[in-house]
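> sequence and predicted structure are below.
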Amino acid sequence: MASTVPLSIGARESGNNLPPDYDFQFLGAMNDVAIYDQALSSTQVRNHYFASGAAPVITKLQPVNPSVNENGSLSFTVSATGTPPVSYQWFDNNGNPIASATNATLNLAGVQTVQSGTYSVTVTDPYGSSSTNTFLTVNSGTPVLSADIQPTTITCYAGTSNTLSVTVAGTEPLSYQWLLNESIIPGATNASYSFAALAGTNGYSVTVSNSLGGLESGTATVAAIAPVFFNAGDYSSSLKISFGGFNQTGALTNFPVLVRLSTNVPGFSYSQFASSSGADLAFGSGTNTQVLPYEIEQWNPAGESLVWVQVPLISSTNDFITAYWGNPAQTQLAASNTNGAVWKGPFSTTPEFDLVWHLNQSTFPFTDSTLQFPSTNGGPGAAATGIIGAGLAFDGTGTFLNAGSLNLSNSFTISSWINISTSVGNIQTIWASKPGAGTANGFAMNVNNFNTTDGALRFITGNGSSTKAVTSASGSVSFGQWHLVTATVDTTANTAHIYVDGTEVTSGSSGILSSFSKTNNVLLGTASDASWFFNGTMDEARIENGTRSPNWIWASWATVATNANFANYSGVTSSGTVPAMLDFSVNGQNIQLKWTQGTLQSADQAQGPYSDVLGAVSPYAVPLNQPRQFYRLRIP
């Protein structure tokens, strides 16, 4: 408010005398007096103070007079105000400056009793300096764990190299002895212990002692699974598949790679297989014949077969896997085709993938390859050509799949291959757990802004009272073409990032609402109120646990879209023939004989003589109640 009262500095006007009287005169010096036409913020007041050229003021030094055991560690931290630039110098217990100790924090490690004493710090700015000190006491004593055994749990394959360690304070010398299931491990007498994991579950600990006493650490549990190997010599054909197209930085662990098998691969022929269903297929990592899990999505001896293989590590263009086939003894499909092993880490307690729909069916139930969330209801779709074998056509009016409540984790990744119809005119829902309009609780990933065909990819969250969207620029998703759309969601950091064809397209803010429901039913192809249906074709719809890295997302696109470049097929190495093998199994009241080539012969005695079994073709049933017979194969 305006005032006409005279203003005085250094004294107060008293009464209404003319001329005025003054009292309470200031005694001292003033400089740079200023009056502003607004209220200054606390930051502005502080900046004015420093601009005047103030010497530093130390406000805190922590800890105050600490005590630590010999060989322990601690940190001192000083807080100060001053006019920039502000510098620091710490001094030891003899008053000598400590080399390189020129930050606000001083770290001391492995301290000894001779380091007891007064430590100080001086803070300096262009207008002066200020110092303070504290007293450090270093005690002799029994061992004390500064950090207990690490890591506390390990799950791995038997034979894998691992290292355990502890950090201990106490009077030197310290003696270490590592224990396996409370029994001494000869020669394991250091602060860390490296070893090859033993099969089974075992407990490791360490005792530490000095002249004053001792202690035992906690126990680390190491659970080691015996790896399963196969004999490469049992297979007549093999194919090296390298990853020359992986040009990203950072490694991929347990990554599902798409393998395409057809006559497009040099030297490949389905006649090389001993099984017409591909049951004799096996994969190993590099030259290692440890079994890799795989899932056959499509087996088509008349054309192309599609196989997902979990690759343990892809870190360079030199990494590769090897496919093997042509083993007559392998008559059953690998268990990984039906147990979901491809979609979880070999040691995971929970699957890394929450849901994997290949969308190669057109009727309910739609199989989830993780065995967790098959879709048993929704709106019927139609079979269509996908980007990987068969896909599912969505009609834009009623086709959708319901995954149910996934109870999503705080971070997750959602994706799908999509091919949007060129005739659409509005929002195209891909994944959703919320209604299509307003601030309703849940999330949605869709293409196009309202009443447009702008091709913007969007990830939207609502909490019932507000909404927030992460969007791409217009034209990020074209229509009538296949695209992989992906969103990574982190509700702890309150962020989401969106990708098209392995490239991030987030435009502007990546902020989301962290409070949206993660337990709603999750739908593919529609909002939860049956609005904004998807019109086009989808393939490979997935929801994954955790936020995948940009490298992972790019590789997920590349292994499909540019498979021949991402995965280089060297050409089949083959002996040219499938080894002859005679196998049998019990089937009801019969023994069923199977063989790969040659003519079946029988005899009453093991040494013969043998004669051809007329008209016998594989498989051949032999009644259990017939007289004893011996069988062999005659190879032309």
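Received it, and whenever you're ready, just let me know what you need.

> CA only for contacts and neighbour counts going forward, please
Will do.

> which secondary structure elements does the longest helix along the chain sit against?
Identified as the longest helix of the chain according to DSSP state H is helix 550-561. Contacts defined by 3 or more CA pairs under 8 Å, 6 or more residues apart in numbering; DSSP states H and E place helix 550-561 against strand 252-261, strand 503-504.

> report the distance from the first one to the chain centre.
Counting by CA atoms, centre = their mean, to the nearest Å, strand 252-261 is centred 16 Å from the centre of its parent chain.

> ok, G187 to V222 distance?
Per CA to CA, to the nearest Å, G187 is found 20 Å from V222.

> the more surrounded of the two?
V222 (22 against 9; other CA atoms under 10 Å).

> what sits against the nearest residue to that one once chain neighbours are set aside?
Spatially, and ignoring its direct neighbours in sequence, V222 is nearest to I154 (4.7 Å; CA to CA, 6 or more residues apart in numbering). Contacts of I154 were listed using CA atoms under 8 Å, 6 or more residues apart in numbering, and they are 220-223.

> name the helix or strand of this protein that has the lowest mean pLDDT.
Ranking every helix and strand in the chain by mean pLDDT, DSSP states H and E puts helix 42-51 at the bottom, with a mean of 72.

> residues contacting that one, please?
82-83.

> from memory V168 sits against G141, does it?
No - using CA atoms under 8 Å, V168 is not in contact with G141, being 11.5 Å away.

> between the two, which one's more packed in?
V168 (25 against 19).

> the residue nearest to N360 when sequence neighbours are not counted and Q310, how far apart?
Spatial nearest neighbour of N360, chain neighbours left out: A390 (4.7 Å); criterion: CA to CA, 6+ apart. Using CA to CA, we find A390 at a distance of 21 Å from Q310.

> give me the mean pLDDT for stretch 317-324.
The predicted model gives stretch 317-324 an average pLDDT of 94.

> what residues sit buried inside that stretch?
Neighbour-count burial for stretch 317-324 flags 317, 319-324 (criterion: 16 or more other CA atoms under 10 Å).

> off-centre distance for it?
Using CA atoms, centre = their mean, the offset of stretch 317-324 from its chain centre is 22 Å.

> for stretch 36-45, same thing?
48 Å.

> for the contacts of I154, give me a markdown table that also has pLDDT, distance to L355 and secondary structure.
Converted to a markdown table, the contacts of I154 look like this (pLDDT from 0 to 100; distance: CA to CA, whole Å; DSSP: H, G, I helix; E, B strand; the rest coil):
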| residue | pLDDT | distance to L355 | secondary structure |
| --- | --- | --- | --- |
| A220 | 97 | 33 | strand |
| T221 | 96 | 30 | strand |
| V222 | 95 | 29 | strand |
| A223 | 93 | 27 | strand |
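
> pretty sure P66 is touching N133, no?
No - taking contacts as CA under 8 Å, P66 lies outside contact range of N133: 11.8 Å.

> tell me which stretches of the stretch 451-600 of the chain form helices.
In the stretch 451-600 of the chain, the segments counted as helices under DSSP state H, counting those that start in this stretch are 550-561, 563-566.

> circling back to that earlier point, quick check, nearest of the contacts of I154 to S602?
Comparing these against S602 with CA to CA places A223 closest, at 49.8 Å.

> quick check: A440 touching K434?
Yes - counting by CA under 8 Å, A440 does reach K434; the two are 6.1 Å apart.

> common neighbours of these two, please.
G462.

> higher neighbour count, the two?
Neighbour count, other CA under 10 Å: between A440 and K434, K434 has more, with 28 against 19.

> so what's the residue nearest to that one when sequence neighbours are not counted up against?
The spatially closest residue to K434, leaving aside those adjacent along the chain, is G442, at 4.5 Å (CA to CA, 6+ apart). Neighbouring residues of G442 by CA under 8 Å, 6+ apart: 432-435, 461-463, 516-518, 520.

> recalculate using a threshold of 10 Å.
G442 makes contacts with 432-435, 460-464, 467, 513, 515-522, 528, as judged by CA atoms under 10 Å, 6 or more residues apart in numbering.

> what's across from it in the sheet?
G462 (DSSP bridges).

> against L513, how distant is it?
On the measure of CA to CA, G442 and L513 end up 10 Å apart.

> tell me how many other residues crowd N625.
Neighbours of N625 using other CA under 10 Å come to 8.

> flag the shaky bits of the stretch 251-400 of the chain, pLDDT-wise.
Within the stretch 251-400 of the chain, the set of residues satisfying pLDDT under 70 comprises 349-351.

> show me where it has strands.
Counting by DSSP state E, counting those that start in this stretch, the stretch 251-400 of the chain has strands at residues 252-261, 282-285, 294-298, 305-314, 320-325, 353-357, 378-379, 382-385, 390-395, 400-405.

> cool, and the stretch 451-600 of the chain?
Under DSSP E, counting those that start in this stretch, the stretch 451-600 of the chain gives strands at 457-462, 467-472, 483-490, 495-500, 503-504, 506-507, 521-524, 535-545, 568-574, 582-587, 590-595, 599-603.

> tell me, which of these is the model least confident about?
strand 582-587 (a mean of 77).

> please compute how far it lies from its chain's middle.
Worked out by CA atoms, centre = their mean, strand 582-587 lies 44 Å from the chain centre.

> for stretch 452-470, same thing?
25 Å.

> quick check: end-to-end length of that stretch?
With CA to CA, one end of stretch 452-470 sits 17 Å from the other.

> in it, what's buried?
Under 16+ other CA under 10 Å, the buried positions of stretch 452-470 are 453-463, 467-470.
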